[in-house]
Each structure stands twice: as C-alpha cells, then as structure tokens.
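Trainee: One predicted model, sequence on top.
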Amino acid sequence: MASISPVVLLYRRVLSGPSPLLAPVFLNAAVLERYRGRPGFSLVRTDTIGRLKREGAWSLDFGLSPQEGVIHLSLGDLASRLPQEEREHWVEHIVAPPLSQNFTRVQLSPGLCIEDGEVRPG
C-alpha cells in the first residue's frame, strides 16, 4: 500500500474542518535576513525545520522546503504569531506559482465584471 503524502494529509485536514489556517504559505528564505545577527533575535534550524524568536515576545516555526531558498509556515501562524508591524515584510517575500490576475481581482472584489474574451469549453 502506497503511503499518503504529508501534503495530501495536510490539505485533507484544511478542507475537512475548522483548520483552514493550517494551509501553508511559501516565502523566499531571504525574509529571515532582516533578523540574522540582530540583537534580541535568535534564528536556529535543523535540516528541515527552523525557528525565529524575538526574545520575550514572539516566535515562528517554519519548514525548510526541499526547493532551495524557500521556507514555509502555516497561514494561521503568519496571521496570529507574527506582530502586525512585521507582517508587511513577510508578505513581500511570499512566493507562489503564477496566478490568474483576473481571477485574483474577482476574488478581491466579488461581483466585479471583467471582459476576458469569449466563453468556450474548458
């Protein structure tokens, strides 16, 4: 019997219950450079997992992607554990496959009408 990918298990949980905030967010690892060697911050890692900690304030655990230069953490941790004043820095480092610009606009503005060519079978 083939083993089930941890990614499949994760998204099953995301989609089956009150866990949508477990969905991973991928970031360029350069996001961590801001904190490296900075007083009051510690950055540690193993081969696959890391932790950024602001002493006495907050910490974030993240995974080290097999793809060089990419880290990942949950959307929930990014939204709840990271202080508001740090979030813009992290958002600027998000990496994702190319998105449909028009679909994204419609998601951000429900009801938006976009002229996007003729409708045809998929």
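Mentor: Good, I have the coordinates.
Trainee: for this protein, what's the longest helix?
Mentor: Ordering each helix of the chain by length in residues (DSSP state H) puts helix 6-16 first.
Trainee: Could you list the buried residues of it?
Mentor: Within helix 6-16, the residues that count as buried by 16 or more other C-beta atoms under 10 Å are Val14. C-betas here are computed from N, CA, C, even on glycine.
Trainee: who's in contact with it?
Mentor: The contact list for helix 6-16, computed with C-beta atoms under 8 Å, 6 or more residues apart in numbering, reads 19-20, 22-24.
Trainee: again, only using 10 Å
Mentor: 3-5, 19-24, 74-75 (C-beta atoms under 10 Å, 6 or more residues apart in numbering).
Trainee: next helix or strand past that helix?
Mentor: strand 24-28 (DSSP states H and E).
Trainee: ok, whichever helix or strand comes after that following strand: who's next to it in the sheet?
Mentor: Sequence-wise, the next helix or strand downstream of strand 24-28 (DSSP H and E) is strand 41-45. When pairing is defined by DSSP bridges, strand 41-45 lines up against strand 49-54 (antiparallel).
Trainee: Packing partners of the following helix or strand past the partner strand?
Mentor: Going down the chain from strand 49-54, the next helix or strand is strand 58-64, by DSSP H and E. Identification of packing neighbours for strand 58-64 by 3 or more C-beta pairs under 10 Å, 6 or more residues apart in numbering; DSSP states H and E yields strand 24-28, strand 41-45, strand 49-54, strand 70-74, helix 75-80, helix 84-91.
Trainee: Cool, thanks, signing off.
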